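Novice: predicted coordinates and the sequence they were generated for:
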Amino acid sequence: MIKFHPDPEQLSLYVQGGLTPVESLMVRAHCDYCDRCSKVVHEKTVLLGEKFASENVLAAETRAVHTSTNLSAIFDEIVKSPASNAVPPPKKMPTTVELDGRRFVLPRTLRKFISSVGNWSSLVGKVWQAPVKLGGAQIANLVYIGQHGEIPEHTHKGVETTLVLKGEFKDGINAYQPGDYIRMSGTDTHTPYTDSPQGCLIFSVLDQPLQFTCGIAKFINPFSAVYFR
Amino acid sequence: MLVGIPLEQSNSVVKPKDCAGEMSGYIVSIAENRCKRSFARIFSYFAPRLRSYALKQMGNEALAMELVQDTMSNVWQKAHLFNAEKGSPSTWIFTIARNIRFDMLRKLQNRKEDVCSDDLWPVLCEQTADANEASLDEQITLEQIGFMFESLPVKQKAVIEAIYIDGKSQQEVADELSIPLGTVKSRTRLALQRLKVMLNDHD
Ligand SMILES: [Zn+2]
């Protein structure tokens, strides 16, 4: 049962194309799991399409008059072009990532990027991560927390968005399950851990490196940029 | 034959909802007959509105016209990907324009992400027009099943994976694994029963 969803504002921005590419990817991957948000996205798309197509005819026309030469030139050019009937052969896409002989099936949206997943490295204790090289400034990682593993307490300089892919983790506030979408920022502090035997796989996107706040983790804080890059 | 762009009656305020059926017909006729007259109807209705949308989004006449041209080109060239059952012409054309705008802005902002509009909203992917494509409901079920995979016996897992993820036929799987077709069928059935039980437990 999914309990944490992108907020309505974010879904609206997603539909408008107003989120960054990586944020959009997170929302779509959440929709792979979530019927409710898929439906909201669909409804919002229909509404926006209607709004776009209901634009005042007269105003639109008046403006079109000034550029009618442009528009008819565009029309003439387009109808000269042939139909594109070339159907590319469906690509066989990998569907899983592997860690230590364990295979994890990724949601449909993320499968396209499996080839961009780098090597797994140990973060702390039973926590492993593999960078997902999506380009751009945001830092994306697959993170696997083994049973009784824990990510040291940390706060966020920017925004951390997390999508649970498999298993369950807790952070002292809530328990999160596959499909749950969590956005943490600024003053939020948390210590994700898992006690489920199968561990927990999450997809995490950071605006900026994490700041660890306590214990031994403080020592790795200066390197967190390295760990989380 | 010379085909002009018919002007809309200046006093007609046609709601897109009211003419969705008519517009769908035009798009089908573009797909089937390369009908310029139908395209002219679509063009005269949507091009000015696209321009208006594009001006608001891009704030620049040249970019706006580029967006109009790219969007309408796609409608002309890929009309066969339109599916009236999945949505109205307004929705379809809006999503094409939204995607083009998204990619134009990515370029303008010099963003380095390898994520493009096709990855986010596969409006014009040939595969999504494929009748064999699993519906969203089925996809979601498939995702959920994905996570229960690992508990299946290895032999059943291999069969399910080949059929439901790689999209192979049962015969292909039989050939590939050199086992009788009947065995593939029984493994599939057993695995599905098992997954069904797990899904029910899961809810
Ligand atoms: Zn949701």
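Specialist: Everything's here; your move.
Novice: ignoring the adjacent residues along the chain, who's closest to B:Leu108?
Specialist: The shortest distance from B:Leu108 to any non-neighbouring residue, by CB to CB, 6 or more residues apart in numbering or on different chains, is to B:Leu63 (8.0 Å). All C-beta atoms are positioned from the backbone trio N, CA, C, and that covers glycine.
Novice: same question but for A:Ala29, I mixed them up
Specialist: A:Thr109 (4.3 Å).
Novice: how about A:Lys170?
Specialist: Distances taken as CB to CB, 6+ apart place A:Tyr193 nearest to A:Lys170, at 6.1 Å, with adjacent residues excluded.
Novice: close to the ion, is stretch A:94-108?
Specialist: No - contact of stretch A:94-108 with the ion (CB under 5 Å from the ion) is absent, the minimum separation being 12.6 Å.
Novice: name the residues of that stretch that are buried.
Specialist: When neighbours are counted by 16 or more other CB atoms under 10 Å in any protein chain shown, the buried residues of stretch A:94-108 are found to be A:95, A:97, A:99, A:104-108.
Novice: what about A:Glu50, distance to A:Ile139?
Specialist: 38 Å (CB to CB, to the nearest Å).
Novice: those two: which is more packed in?
Specialist: Using other CB atoms under 10 Å in any protein chain shown, the more surrounded residue of A:Glu50 and A:Ile139 is A:Ile139, with 22 against 17.
Novice: isn't B:Asp119 right up against A:Arg111?
Specialist: No - shown here, B:Asp119 and A:Arg111 do not form a contact pair, counting by CB atoms under 8 Å, at 10.2 Å.
Novice: show me where chain A has helices.
Specialist: Listed in chain order, the helices of chain A (DSSP state H) span A:8-16, A:21-33, A:35-53, A:57-66, A:68-80, A:108-111, A:217-220, A:224-227.
Novice: next, the angle from the longest one to helix A:8-16.
Specialist: Meaning helix A:35-53. Taking axes from the mean of the first three to the mean of the last three CA atoms, to 10 degrees, one finds helix A:35-53 and helix A:8-16 inclined to each other by 60 degrees.
Novice: by contact count, what packs against helix A:35-53?
Specialist: Based on contacts counted as 3 or more CB pairs under 8 Å, 6 or more residues apart in numbering or on different chains; DSSP states H and E, the elements that helix A:35-53 packs against are helix A:8-16, helix A:21-33, helix B:36-58, helix B:89-108, helix B:136-146.
Novice: starting at the chain centroid, how far to the longest one?
Specialist: The reference is to helix B:36-58. 21 Å (CA atoms, centre = their mean, to the nearest Å).
Novice: the shortest one too?
Specialist: Its chain's C-alpha centre and that of helix A:8-16 lie 13 Å apart, by CA atoms, centre = their mean.
Novice: ditto for the fourth one
Specialist: Relative to its chain's centre, helix B:89-108 lies at 13 Å (CA atoms, centre = their mean).
Novice: immediately after that helix, which helix or strand?
Specialist: As assigned by DSSP states H and E, the chain's next helix or strand after helix B:89-108 is helix B:117-120.
Novice: now do that next one: which elements does it pack against?
Specialist: Secondary-structure packing of helix B:117-120 (3+ CB pairs under 8 Å, 6+ apart): helix A:21-33, helix B:89-108.
Novice: which of those helices sits most buried?
Specialist: helix A:21-33 (a mean of 24; mean count of other CB atoms under 10 Å in any protein chain shown).
Novice: who's in contact with it?
Specialist: A:2, A:5-6, A:10-11, A:14, A:17, A:19, A:37-38, A:41, A:107-110, A:134, A:136, A:138, A:140, A:161, A:163, A:178-179, A:181, A:203, A:205, B:106, B:111, B:113, B:115-116, B:119-121, B:139-140, B:143-144 (CB atoms under 8 Å, 6 or more residues apart in numbering or on different chains).
Novice: next, the angle from that helix to helix A:8-16.
Specialist: Here the directions of helix A:21-33 and helix A:8-16 differ by 100 degrees (the same axes, to 10 degrees).
Novice: quickly check: helix A:21-33 near the ion or not.
Specialist: No - Helix A:21-33 does not reach the ion (CB under 5 Å from the ion); its nearest approach is 5.6 Å.
Novice: can I get that helix in CSV? Just the C-alpha atoms.
Specialist: Backbone C-alpha positions of helix A:21-33 (Å, rounded to 0.1, in the frame of the first residue of the first chain) are rendered in CSV as follows:
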residue,chain,number,x,y,z
PRO,A,21,14.2,16.0,-16.2
VAL,A,22,15.4,14.0,-13.2
GLU,A,23,12.4,15.1,-11.0
SER,A,24,10.1,14.2,-13.8
LEU,A,25,11.7,10.8,-14.0
MET,A,26,11.1,10.3,-10.3
VAL,A,27,7.4,11.2,-10.6
ARG,A,28,6.9,8.9,-13.6
ALA,A,29,8.7,6.1,-11.9
HIS,A,30,6.3,6.6,-8.9
CYS,A,31,3.4,6.4,-11.3
ASP,A,32,4.7,3.0,-12.5
TYR,A,33,3.7,1.8,-9.0
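Novice: any weak-confidence spans in the chain?
Specialist: I'll assume chain A. A:57-69, A:85-91, A:152-157, A:186-190, A:208-229 (pLDDT under 70).
Novice: my bad, the chain I had in mind was chain B
Specialist: Low-confidence segments of chain B (pLDDT under 70): B:1-17, B:125-147, B:163-168, B:196-203.
Novice: can you rerun that using 90?
Specialist: Along chain B, segments meeting pLDDT under 90 span B:1-21, B:33, B:58-61, B:80-81, B:83-87, B:106-114, B:118-119, B:122-203.
Novice: got the domain boundaries for it?
Specialist: Listed by automatic domain parsing, the domain ranges of chain B are B:11-120, B:126-202.
Novice: most packed of those?
Specialist: domain B:11-120 (a mean of 19).
Novice: return the distance of that domain from the chain's centre.
Specialist: Worked out by CA atoms, centre = their mean, domain B:11-120 lies 14 Å from the chain centre.
Novice: same question, stretch A:97-106
Specialist: 19 Å.
Novice: in chain A, which residue is closest to the centre?
Specialist: The residue lying closest to the centre of chain A (CA atoms, centre = their mean) is A:Met26, at 1.6 Å.
Novice: all set now, cheers.
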